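In: Using only what follows, build the 3D model:
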Amino acid sequence: MNSDRNDCQRISRRVALTGTALVLGAAAATVVSQATAQEKLSQADAKYQDTPKGDQRCDGCMLFQPPNACKVVQGEISLSGWCQLFVKKT
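Out: Sure, this is the predicted structure:
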């Protein structure tokens with residue numbers, strides 16, 4: 001009977017530790033995503049402009065997030081805009 005109790009205690013500890021790890025992992029992911037959002041460059045620092053540069057346009061960039069945002073540049077981004085961080089979609 002003592003063996004059954006030890007098995008239950010082990011399982012309970014395992015469940016508790018796994019649950020704690022999941023909560024800590026979720027909290028860390030939230031902090032990382034908030035930090036990433038805060039680290040966006042200003043439009044001035046990225047040399048953003050509302051017009052394309054040749055055939056380079058924000059809507060053809062890997063960093064563009066429809067409908068009007070960028071992964072690395074702050075603020076509203078025009079589909080036909082451009083900045084020095086342009087990375088052509090593959």
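
In: Can you report how many residues lie near the spatially closest residue to Gly75 that is not a sequence neighbour?
Out: Leaving out its chain neighbours, the residue that sits closest to Gly75 by Cβ to Cβ, 6 or more residues apart in numbering is Gln43, at 5.5 Å. Any C-beta I mention is one placed from the backbone N, CA and C, and that applies to glycine too. Residues contacting Gln43 under the criterion other Cβ atoms under 10 Å number 18.

In: ranges for the helices of this structure?
Out: In the chain, the helices defined using DSSP state H lie at 2-38.

In: how does it divide up, domain by domain?
Out: With automatic domain parsing as the criterion, the domains of the chain are listed as 1-39, 40-90.

In: and the residue nearest to Gly75, what does it touch?
Out: Going by Cβ atoms under 8 Å, 6 or more residues apart in numbering, Gln43 touches Val73, Gln74, Gly75, Cys83.

In: swap the cut-off to 10 Å and go again
Out: If a contact means Cβ atoms under 10 Å, 6 or more residues apart in numbering, then Gln43 has Gln49, Asp50, Cys70, Val73, Gln74, Gly75, Glu76, Ile77, Gly81, Cys83 as its contacts.

In: Lowest average pLDDT across the domains of the chain?
Out: Among the domains of the chain, domain 1-39 carries the lowest mean pLDDT, at a mean of 54.

In: circling back: from the contacts of Gln43, pick the one nearest Leu63.
Out: Cys70 (5.3 Å; Cβ to Cβ).

In: Surely the closest one and Ile77 touch.
Out: Yes: counting by Cβ atoms under 10 Å, Cys70 touches Ile77, with 4.7 Å between them.

In: before we move on, back to that, derive a ChimeraX selection command for the buried subset of the contacts of Gln43.
Out: Buried residues among these (16 or more other Cβ atoms under 10 Å), as a ChimeraX selection:
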select :70,73,74,77,81,83
